[in-house]
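*Asks:* How does the following fold in three dimensions:
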Amino acid sequence: MLSKRIFVLVFVVAFLTLIVGCSITTPEIIDNKAPLITTTTLPDATVGTAYTATVEATDADDDALTFSLVSGPTDMVISGAGVISGWTPAGTGTWAVIVAVTDGVSSDTQSFNISVTVRIPMEITVVIPTFTVGEPAWFTVNMIANSDSGKSVVAYFGVPTSTADEKIEGTLEIGVGSDLLGLHATVSGIQTNVFTMSDVTSDFRGTFESAGTYSTRIRVKTFPGGELLCSKVITFEVIDLVHNTTANRYYSTITEALDEASAGDTIEVAAGTYDGFVVDKDNITIKATGEAIIKIVNFPGIENNKGVVINANGVVIEGLTIDGSGFDPQSRGILGYENVEYTVKNAIFINLMTGIYANAQTAFNVELTAIGNTFTNCMAGIGGTENTTLNKIEENIFTDCDEGIGLGPGVEGPDGLISYLHDNNVFVDCTVSVGDWR
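*Replies:* Sure, this is the predicted structure:
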């Protein structure tokens with residue numbers, strides 16, 4: 001009976017083999033590998049700011065992955081690709097979030113804690129000098145990102161205008177190596193290229209063609225979207241080179257300032273080169289605040305070429321440079337003319353026939369005080385004639401002059417004038433230190 005059963009089993013196997021054409025094999029068992037969430041932390045959130053973040057995962061089998069939100073704040077969602085969105089925190093605190101990922105067979109989960117803090121908006125600070133008309137100057141804009149770090153933004157600069165709504169004329173350039181990139185003209189001003197917000201420092205060079213006080217506003221907005229992140233009003237003070245500090249008015253030339261000055265005014269002169277001028281108002285002070293160079297000019301009705309002509313009392317000239325190089329060899333730096341009393345301090349005189357000349361003549365009186373001046377390569381550093389009184393001549397330096405100080409007929413001064421002049425001044429390589437022609 002057993003043999004009969006074995007025969008039948010063999011026959012069935014042989015028959016199946018014949019029909020199917022192959023032998024029976026064991027099904028293959030596939031070993032699926034689970035996906036793995038590789039993101040371990042999520043960025044912090046800010047109150048009132050829409051939250052977005054991306055969770056990433058890997059799969060050794062390169063299976064398609066789908067993310068889902070297991071738990072989290074109300075309104076938070078996650079796309080199948082792992083992008084979290086939809087949530088705008090209303091208050092501070094810490095929120096627990098659990099994210100899952102699956103490849104259709106296996107899955108992985110990851111827990112996160114998101115800290116929510118109050119937004120600290122970006123800040124703008126600006127370091128701006130006082131601008132001088134026509135002179136380029138640099139100013140620095142600092143942007144501190146704070147909670148707005150990483151946002152795509154554009155910075156806008158409005159056209160500076162005065163309180164009278166007058167637009168300033170000039171140019172604005174961005175410095176090489178600045179964190180901001182590019183400036184482009186717009187209808188209302190200029191804007192930068194799009195950039196990613198971070199702590200930014202950029203230098204700008206402005207050149208302005210008219211004096212005045214102007215203001216503008218820097219705005220930083222998200223791009224795209226146009227959300228205003230920060231706004232800062234900045235003010236430009238643009239001055240001319242010559243400033244009547246008493247009247248607080250600015251001028252392009254010393255002569256213009258003197259024409260509108262009143263007796264007793266003080267006029268400050270910035271570094272630059274200026275035409276010579278005449279002072280005919282009493283008690284005017286003209287003071288250089290930088291290297292102010294006075295050119296020799298020909299004043300009609302006054303002999304020879306001069307840098308400065310003084311025809312008033314109580315005038316003070318301080319810190320000017322008068323260089324006669326390339327001009328008439330008969331040029332004089334400062335001429336005190338007719339009945340005047342004046343003071344010259346800390347001035348520089350170079351290559352002149354006479355640095356300071358007190359020209360009293362027979363019918364007039366001139367009084368001169370000269371302190372702390374330098375005279376180089378002059379025929380005479382200081383010269384006086386006839387009714388000239390040298391009130392105080394001290395701390396002056398005379399170098400390579402034919403005659404340091406020349407005393408013409410009638411010149412008076414402190415007792416023992418010659419010794420006084422020698423003792424209170426310095427003479428270097430002068431042919432004659434003090435020439436007495438009285």
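
*Asks:* Return the set of buried residues in stretch 139-149.
*Replies:* F139, V141, M143, I144, A145, N146, S147, D148 (16 or more other C-beta atoms under 10 Å). C-betas here are computed from N, CA, C, even on glycine.

*Asks:* hmm, which two among those are most spread apart?
*Replies:* Greatest spacing in the buried residues of stretch 139-149, by C-beta to C-beta: F139 and S147 (26.3 Å).

*Asks:* re earlier: columns secondary structure and distance to L172 on top of the buried residues of stretch 139-149, output as JSON lines?
*Replies:* Below are the buried residues of stretch 139-149 laid out as JSON lines (DSSP: H, G, I helix; E, B strand; the rest coil; distance: C-beta to C-beta, whole Å):
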{"residue": "F139", "secondary structure": "strand", "distance to L172": "10"}
{"residue": "V141", "secondary structure": "strand", "distance to L172": "11"}
{"residue": "M143", "secondary structure": "strand", "distance to L172": "17"}
{"residue": "I144", "secondary structure": "strand", "distance to L172": "22"}
{"residue": "A145", "secondary structure": "coil", "distance to L172": "23"}
{"residue": "N146", "secondary structure": "helix", "distance to L172": "26"}
{"residue": "S147", "secondary structure": "helix", "distance to L172": "29"}
{"residue": "D148", "secondary structure": "helix", "distance to L172": "24"}
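
*Asks:* which of these lies closest to D436?
*Replies:* Of the buried residues of stretch 139-149, the one sitting nearest to D436 (C-beta to C-beta) turns out to be F139, at 56.8 Å.

*Asks:* and T102, how many neighbours does it have?
*Replies:* Residues lying near T102 (other C-beta atoms under 10 Å) number 19.

*Asks:* State the distance from it to T321.
*Replies:* 84 Å (C-beta to C-beta, to the nearest Å).

*Asks:* Show the backbone phi and psi for S419.
*Replies:* phi -60, psi -40 (degrees, to the nearest 10).

*Asks:* Show the pLDDT at it.
*Replies:* If you check S419, the pLDDT there is 96.

*Asks:* Give the closest residue to N298 in space, chain neighbours not counted.
*Replies:* N305 (5.1 Å; C-beta to C-beta, 6 or more residues apart in numbering).

*Asks:* ok, the one you found - how many residues close by?
*Replies:* With other C-beta under 10 Å as criterion, N305 counts 20.

*Asks:* now do T46
*Replies:* So T46, with other C-beta under 10 Å, has 21 neighbours.

*Asks:* Could you do L228 as well?
*Replies:* Neighbours of L228 using other C-beta under 10 Å come to 11.

*Asks:* Leaving out chain neighbours, which residue sits closest to it?
*Replies:* In space, L228 is closest to K221, 5.5 Å off (C-beta to C-beta, 6+ apart).

*Asks:* Let me know the pLDDT of that neighbour.
*Replies:* 93.

*Asks:* give me the beta-bridge partners of it?
*Replies:* Note on K221: beta-bridge partners by DSSP bridges are V154, L228.

*Asks:* ditto for T273
*Replies:* Per DSSP bridges, the residues bridged to T273 are I293.

*Asks:* Check this structure and tell me which residue is nearest its centre.
*Replies:* Central residue of the chain (C-alpha atoms, centre = their mean): F139, 1.0 Å from the mean position.

*Asks:* Please, which helix or strand holds P129?
*Replies:* Here P129 sits in a region with no helix or strand, counting by DSSP states H and E.

*Asks:* residues near it, how many?
*Replies:* 12.

*Asks:* Do I have it right that it meets P136?
*Replies:* No: when contacts are counted by C-beta atoms under 8 Å, P129 is not listed as touching P136 (11.0 Å).

*Asks:* wait, isn't T109 in contact with V70?
*Replies:* Yes: with contact defined as C-beta under 8 Å, T109 reaches V70; the gap is 6.3 Å.

*Asks:* who touches both of the two?
*Replies:* Taking C-beta atoms under 8 Å, 6 or more residues apart in numbering as the criterion, T109 and V70 both touch I98, V99, A100.

*Asks:* what stretches of the stretch 301-438 of the chain score poorly on pLDDT?
*Replies:* Where the stretch 301-438 of the chain drops to pLDDT under 70, the residues are 301-304, 327-329, 360-363.
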